[in-house]
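Engineer: Let's see this in three dimensions:
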Amino acid sequence: MEKQNVKEQLSDIKRILFQSERYIESLLNRNFDTDNKFSVIKDATILGIFISLIDKARSLNLLLENKYYAGNNTLLRSIFEEEIYLEYILKENTMNRTRAYIASSKLKAQKMLKTASKTNALGNKIREVTNLGISDLEKIFSQVPEENITNLEKEYLDLTGETNPDKWYKEKNNVTSFRGVCEYLGVEHLANYEILYRLLSQEVHGKNSNSYFTIQDNQLVVEPLKEEPMVLSLMRATVVSAGIAISNYYDDSEKFREIISII
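Structural biologist: You can find the predicted model right below:
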């Protein structure tokens, strides 16, 4: 591909995101196994992660298009995470990995609700921010029987050998961390982790505050973060990689490449 300027990159990504949504629509017109509840949940989860990735990429593209730079690394990091998780789920043992991913999400939500229901400083603050009262939380808890939570915890433990809902990707393959997931997927993903993910994590953990300032003539000058072609290239590659992974899983890679015009 001929080297593009930033404006052309933004336009190209916008096209790819639009065409990726078209591809999702074409997948939804397939004959999924709607009689199998677990199969429906699996397919909905796979497509849901891809849709979430597309939405984040669209947000990042819009920020760059309007020359807003703060938070870009955080969004790109999240896009990268979702692409890695998607490829991990699709690589093998897809049904069980999907179940573990869903159970993890539900258990984390349940944990947050329990924390919010406590009458301590943290619980009070969460209720204040979310505009939820104790009665609202009690109503939510009443809709989820304790037996269901116990069964969910058991299912999660059986699938992962873990009680920590953040470790849903643990299996009998020695994968115990996000870095381990990248290593399991291959050297290219591990390289992206070592170079890309670690750098992007600096913004998430507040370690890049010095990137907003420069010293000029012995004075501190505030400078906005500039968009870089590298960020746009990485975003494009991540979206395309996720789309190819899905199309390969559904034996439809030629259709995806055709829709987004990739040779």
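Engineer: can you pull out the strands in this structure?
Structural biologist: 213-216, 219-222 (DSSP state E).
Engineer: Now tell me which of those the model trusts least on average.
Structural biologist: Mean pLDDT values for the strands of the chain show the minimum at strand 219-222, a mean of 48.
Engineer: Need the residues that contact stretch 85-92.
Structural biologist: Stretch 85-92 is contacted by residues 45-46, 49-50, 53, 97-98, 101, 169, 181, 184-185, 189, 241-242, 245-246, 248-249 when judged by Cβ atoms under 8 Å, 6 or more residues apart in numbering. (Glycine included, C-beta is placed from N, CA and C.)
Engineer: again, only this time at 7 Å
Structural biologist: 46, 49-50, 97-98, 101, 169, 181, 185, 242, 245-246, 249 (Cβ atoms under 7 Å, 6 or more residues apart in numbering).
Engineer: Which parts of the stretch 151-263 of the chain are helices?
Structural biologist: Using DSSP state H, counting those that start in this stretch, the helices of the stretch 151-263 of the chain run over 178-185, 187-192, 198-204, 229-249, 253-259.
Engineer: Counting neighbours, which of the contacts of stretch 85-92 end up buried?
Structural biologist: 46, 49-50, 97-98, 101, 169, 181, 185, 242, 245-246, 249 (16 or more other Cβ atoms under 10 Å).
Engineer: just to revisit the earlier point, out of the contacts of stretch 85-92, which is nearest to Tyr69?
Structural biologist: Ala242 (24.0 Å; Cβ to Cβ).
Engineer: which residues does the closest one contact?
Structural biologist: Ala242 neighbours (Cβ under 7 Å, 6+ apart): 50, 53, 83, 86.
Engineer: circling back to that earlier point, which one of the helices of the stretch 151-263 of the chain lies closest to Thr115?
Structural biologist: Across the helices of the stretch 151-263 of the chain, closest to Thr115 is helix 198-204 (Cβ to Cβ), at 21.3 Å.
Engineer: Quick one: neighbours of Pro48, just the number.
Structural biologist: Actually, residue 48 is Gly. It isn't Pro. Neighbour count for Gly48, taken as other Cβ atoms under 10 Å: 13.
Engineer: Could you tell me which ranges of the stretch 1-150 of the chain sit under the pLDDT cut-off?
Structural biologist: 1-3, 31-34, 37-38, 141 (pLDDT under 70).
Engineer: same thing but 80
Structural biologist: 1-4, 30-38, 69-71, 137-147 (pLDDT under 80).
Engineer: how about the helices of it, start to end?
Structural biologist: 6-28, 37-65, 72-91, 94-117, 121-130, 134-142, 146-160.
Engineer: Outside of the last one itself, list whatever touches it.
Structural biologist: Spelled out, it's helix 146-160. 96, 99-100, 103-104, 106-107, 110, 163, 167-168, 170-171.
Engineer: ChimeraX command for the buried members of these?
Structural biologist: The ChimeraX command for the buried members of the contacts of helix 146-160 (criterion: 16+ other Cβ under 10 Å) is given here:
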select :96,99,100,103,104,106,107,110,167,168,170,171
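Engineer: Quick one: the contacts of helix 146-160 as a markdown table, columns for distance to Asn61 too.
Structural biologist: Formatted as a markdown table, these follow (distance: Cβ to Cβ, whole Å):
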| residue | distance to Asn61 |
| --- | --- |
| Asn96 | 34 |
| Arg99 | 33 |
| Ala100 | 31 |
| Ala103 | 32 |
| Ser104 | 29 |
| Lys106 | 31 |
| Leu107 | 33 |
| Gln110 | 34 |
| Thr163 | 39 |
| Lys167 | 32 |
| Trp168 | 29 |
| Lys170 | 34 |
| Glu171 | 35 |
